[in-house]
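[1] need coordinates for the following:
(2 chains)
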Amino acid sequence: MSFHQSFVEIDGCRTGLRRGGSGAPLVFLHGASGAPAILPFMEKLAQRFEVLVPEHPGYGLSDEPEWLDNIHDLAYFYLDFLKRLDLENVTLIGSSLGGWIALEMAVRDTSRLRALVLVSPAGIRAPGVQPADTFLMPPEELARQLFHDPKFAQARLAEPVTPESVDISLKNRHATARLAWEPRLHDPHLQKWLHRIDVPVQIIWGDQDRILPLGFLDIFKKLMPAAKAAVVKDAGHLPHVEKSEEFCDLVIRFVQGGA
Amino acid sequence: MNLVLFHLMPYAELDLDAARKHGTVWVHLPNRHFDPHKGHQLYNRYLDELEYGEELGFDAVSVNEHHQTAYGLMPSPIVTASTLARRTKRVKICILGSALPLREHPLTVAEEHAMIDVISGGRLVSGFVRGIGAEYHTFGVNPTISHERFHEAHDLIVRAWTEPGPFSFEGKHYNVRYVNLWPRPYQKPHPPIWIPSQGSKETIDWASHPDRRYPYLQTFSPVKVVERYLKQYRATAKGHGYDAQDSQLGWAVPVYVSDSDEKARAEAKPHFEAFRNVFVKMPLEMLLPPGYTSRDSLKNVMKAKAQMFGDVTIEQAIELGLFVCGSAGTVRKAFEGYWQNMRFGNLLVMCQFGTLPADLTRGNMELFAREVMPHLKQLQ
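    A predicted model of the protein is given here:
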């Protein structure tokens, strides 16, 4: 399945967008490391959906708009994005920071959404459980902590380092700090409004997540009792990367099951 | 030349092995390594040293601000400057500086500095800094808004010091309906503001701007780097259409004087190397959180990583001009040479560094004050 790279200008921000596949629209919102490449899970989902992978304002090849101060700005941006591309019945998947954006969108407006898939989402506070301090980690350490299976970390570290890739990783890190430094990776007000989310929700978590430990899932289950929750065995913070088959099956079953 | 005795007040009783094992004395070295009884001794010793600076003829004594680290025990330089305001009579008292973005509210800085200025009868020199990268980790302040907060806090403080109150201040980060400072500062229009920095183009552009002309102090850097930034300041001032005065330039550097070069090196070696290789050290991610510097500066640091983050011996440090050490004659000659080349009007000497004990610190201060300082004061 081939994806093609394009750019759309939304809210004055030239935004990188990869699209591939056909079917109902599925938007994937990436996490703090960005979405520099098309990954196997995207290819697989593209057999069933039209998959859209934007790069958030401030990340990757997208502009760094003046207005980008906080996560709410990105929520409004992506609501504009859905409207601008006239996407309806969207399956919205968000990983980590992208999951937080998806939640912030959904508490505001679900009219263009069909279902929400949250993959180890950030966004809330879990008393007594701390997210890993990724800002203090050198790149090698971060790669090791992201994955359960060390071969994924090795693969990531083996990727060639180019001046462009260094620029992009510093840019992504900057944007993540801007959005999530303090309060760290959450908005204290978000959880007050999670009940507004009136579309089916599937939460997916790796049982070996060392970035946002499973304790966060317990809180989400309490806050969103109607959501389905699935724990992927032997996966770290990015189950869609480490267990892409299982992840895609979960998504497809969830959407087909009436979501 | 204006001579300033500068103190970091490190936790000189530090268990160096434990600190080395942790890799850094910043952010996560457990505070069980701080013994309050030893701390009591150290604070009083260090304050005595600064007070002695007045007796020895320094023009100014200086404190600074660091948080949650053995590197410096002055989370509030206000506290140390306050005691000095009462215990000294003549010297200027420099706070170099208060970390504006780390403060919840800049008006507290305006108020506290004004108090010290009034209590001391106009002897305060205010310094403004952004705080070290590690302090954004410990304080939680978002480093990507560090510059914004610094500039806005500065504007609010200077206006609070100079404009008749009450007036209102509207900013992005700070909004105050009634700015009406009691006390107003003693000095007119306000205490001098100095800008200490590890060196950045952005800081030099801002400090040298004709609206401000703030003295710029290059802190603890190889002399080549000091030279580059001080010359850059002069060039930037020229670009603004004026010639920078020598008094707008300063250099902060550790110094050690003893009876001979060999003796000076032998006495200073373990203490300087503890300073450079234990107290100063922190990983790149801690030193430069995202947004604390421009990404171009960050990339330059990444390129120089091995050199910046590796250990340095005292011999290398002297060679680099990171440390000025030797007999009085050697130290005098070194500074005279550096001055001929850079014409800095302010020299901040750190006579205590790392684990340097009280007797060596006093001896160093006395020799420097007696044998070196009188010559340097005449340079202009």
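
[2] give me the nearest residue to the residue in the stretch 51-200 of chain A that chain B sits nearest to, chain neighbours excluded.
    Chain B sits closest to residue A:177 of the stretch 51-200 of chain A, with a gap of 3.8 Å, by CB to the nearest CB. For the C-beta atoms, the positions are set from N, CA and C on the backbone; glycine is no exception. Excluding its sequence neighbours, the residue lying closest to residue A:177 (CB to CB, 6 or more residues apart in numbering or on different chains) is residue B:290, at 3.8 Å.

[3] looks to me like that neighbour is in a helix.
    No - counting by DSSP: H, G, I helix; E, B strand; the rest coil, residue B:290 is not part of a helix but coil.

[4] circling back to that earlier point, and the residue of the stretch 51-200 of chain A closest to chain B, that's in a helix?
    Yes - counting by three-state DSSP, residue A:177 falls inside a helix.

[5] what residues are up against it?
    Going by CB atoms under 8 Å, 6 or more residues apart in numbering or on different chains, residue A:177 touches A:135, B:142-144, B:289-291.

[6] what's the answer for residue B:290, then?
    Counted by CB under 8 Å, 6+ apart, residue B:290 has contacts A:135, A:170, A:173-174, A:176-178, B:143-144.

[7] repeat that with 10 Å
    A:135, A:170-178, A:181, B:133, B:136, B:142-144, B:298 (CB atoms under 10 Å, 6 or more residues apart in numbering or on different chains).

[8] helices - which of those residues land there?
    Among the contacts of residue B:290, the ones falling in helices (DSSP state H) are A:170-178, B:133, B:136, B:298.

[9] need the residues you listed in a markdown table (columns: pLDDT and distance to residue A:82).
    Listed next are the ones in helices among the contacts of residue B:290 as a markdown table, based on pLDDT from 0 to 100; distance: CB to CB, whole Å:
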| residue | pLDDT | distance to residue A:82 |
| --- | --- | --- |
| A:170 | 96 | 29 |
| A:171 | 97 | 24 |
| A:172 | 98 | 23 |
| A:173 | 97 | 27 |
| A:174 | 97 | 26 |
| A:175 | 98 | 21 |
| A:176 | 98 | 23 |
| A:177 | 98 | 27 |
| A:178 | 98 | 23 |
| B:133 | 96 | 38 |
| B:136 | 98 | 35 |
| B:298 | 87 | 35 |
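
[10] would you map the strands across the chain?
    With no chain named, the answer covers chain A. A:3-10, A:13-20, A:24-29, A:49-54, A:90-95, A:113-119, A:201-206, A:228-232 (DSSP state E).

[11] please refer instead to chain B.
    B:2-6, B:60-63, B:92-99, B:124-129, B:167-170, B:175-179, B:193-197, B:216-219, B:249-258, B:324-327, B:346-350.

[12] would you mind listing what in the stretch 101-250 of chain A touches chain B?
    A:133-139, A:141-142, A:163, A:166-167, A:170-184 (CB under 10 Å from any CB of the partner chain).

[13] kindly write the ChimeraX command that selects the buried subset of the residues you listed.
    The ChimeraX selection below is limited to those of those classed as buried (16 or more other CB atoms under 10 Å in any protein chain shown):
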select /A:134,135,136,137,142,170,171,172,173,174,175,176,177,178,179,180,181
